[in-house]
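Q: have a look at this prediction, sequence included:
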Amino acid sequence: MSQAVIECQNVSKHYRQGNETLHVLKDISFVVEQGDSVAIVGASGAGKSTLLNLLGGLDFCDAGSVSVLKKDLAKISKDKLAELRNREVGFVYQFHHLLTEFSALENAAMPLLIRGEKRKAAYSTARQILERVGLGARANHRPSELSGGERQRVAIARALVGTPSCVLMDEPTGNLDEATADTIQQLLISLNQDLGTSFIVVTHDKTIARQQKRILQLHEGQLQEITPDRSAGVAS
């Protein structure tokens, strides 16, 4: 039986805008299991990034609970939350957010160095994952010397280097051309199959959404699971 990696139970989130209350998420419940690949789709402003931030412990819900590997993110200390994110949750964004003064190898190794691993061991592991994403020959190049697709692959390597249970992605191909975006997506499918890592991808890209095992559509604060149609578009 698959292990539940992320569990949302009756999650709600709202924001104040002047005298009004904006209810972004309303009583959302779902489970992501080990090895899942899930697309979260919906219109701009629907709350997709808000939901992703809750799943990663970067923000907290107003009602309900979010758990990672059975740990309620709102009920553990800041230090334990930081450790959980470092070890179990990877993050990839539309913009790679690499450290410009460091090489691809150093960027990829950063989560392990923050964890306290010895530099030699961290670099060895980072080099292996860079090889896995096709960048072994570019390990010593800085971000300014890499293409957009290469920088995003370094970001993916950084997210995966610590063998997390789940990787959260916010429009990971949104800043790439179509051919490069397709290359990145094929890489993600391969990594999901080979490593058993769960992926949750917020995307407007209908092709990427269709290629995930599950699609969750966010509309007016409600989340609905829809059946992926491999031959047609997905509402966005």
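A: Arrived safely, thanks for sending.

Q: so which elements touch the lengthiest helix in the chain?
A: Longest helix of the chain, by residue count under DSSP state H: helix 178-195. Packing partners of helix 178-195 (3 or more Cβ pairs under 8 Å, 6 or more residues apart in numbering; DSSP states H and E): strand 37-41, helix 148-160, strand 198-202, helix 206-210. Every residue, glycine included, has its C-beta placed from N, CA and C.

Q: low-scoring stretches of the chain, by residue?
A: Scanning the chain for pLDDT under 70 picks out 1-2, 94, 228-236.

Q: now do the SS call for the spatially most central residue of it.
A: Centroid-nearest residue in the chain: residue 168, 1.3 Å away (criterion: Cα atoms, centre = their mean). Of the three states, residue 168 takes strand under DSSP: H, G, I helix; E, B strand; the rest coil.

Q: so how far is residue 89 from it?
A: Per Cβ to Cβ, to the nearest Å, residue 168 is found 6 Å from residue 89.

Q: who touches both of the two?
A: Listed contacts common to residue 168 and residue 89 are 55-56; contacts here mean Cβ atoms under 8 Å, 6 or more residues apart in numbering.

Q: show me what counts as buried in stretch 186-193.
A: 187-189, 191-192 (16 or more other Cβ atoms under 10 Å).

Q: and which of those is nearest residue 133?
A: Of all the buried residues of stretch 186-193, residue 187 has the smallest distance to residue 133: 6.1 Å, by Cβ to Cβ.

Q: OK, contacts around the nearest residue to that closest one once chain neighbours are set aside?
A: Spatial nearest neighbour of residue 187, excluding adjacent residues (Cβ to Cβ, 6 or more residues apart in numbering): residue 133 at 6.1 Å. With contacts defined as Cβ under 8 Å, 6+ apart, the neighbours of residue 133 are 153-154, 156-157, 187, 191.
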